[in-house]
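Chemist: here are the coordinates; sequence isn't available:
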């Protein structure tokens, strides 16, 4: 079965960097667009960024543009989210997701990981 496992979350101070990873198994990784979403306490899950199966096309939310970068290594079946200049408002559970096309809506993605917590203190 398909498994997506996120890692790399943690507690950091504002201005710090983190790199999240999402390791995929049980699917032909390069066929799938990969997305990152996050959910803060009491808020709805929101789109962060996404990357096409080949890695040639990316999309990101306005709130993270210039600070977050999404990339993937299809030889390792892994997608990454490099987060720089973190802000307290970036706090939340970060999820990776796999879908057959790149999109910013949750329903675009069929498979989801369990999430990793990112907490940014001021």
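Modeler: On my side now, so go ahead. Predicted, not measured: the structure shown is a model, and the values here were computed from it.

Chemist: and residue 54, how many neighbours does it have?
Modeler: By other Cβ atoms under 10 Å, the residues close to residue 54 number 11. In this view, the C-beta of every residue, glycine as well, is placed from N, C-alpha and C.

Chemist: just residue 101 next, same as before
Modeler: 11.

Chemist: leaving out the residues flanking it, which one is nearest to it?
Modeler: Sequence neighbours aside, residue 33 is the residue nearest to residue 101 in space, at 5.6 Å (criterion: Cβ to Cβ, 6 or more residues apart in numbering).

Chemist: ok, that neighbour touching residue 96?
Modeler: No. Checked against Cβ atoms under 8 Å, the pair residue 33 and residue 96 is beyond contact range at 11.1 Å.

Chemist: more crowded one of these two?
Modeler: residue 96 (30 against 24).

Chemist: quick check: beta-bridge partners of the nearest residue to that one once chain neighbours are set aside?
Modeler: Leaving aside its sequence neighbours, residue 96 sits nearest to residue 22 (Cβ to Cβ, 6+ apart; 3.4 Å). Here residue 22 sits in beta bridges with residue 6, residue 79, going by DSSP bridges.

Chemist: report pLDDT for residue 22.
Modeler: Per-residue pLDDT puts residue 22 at 98.
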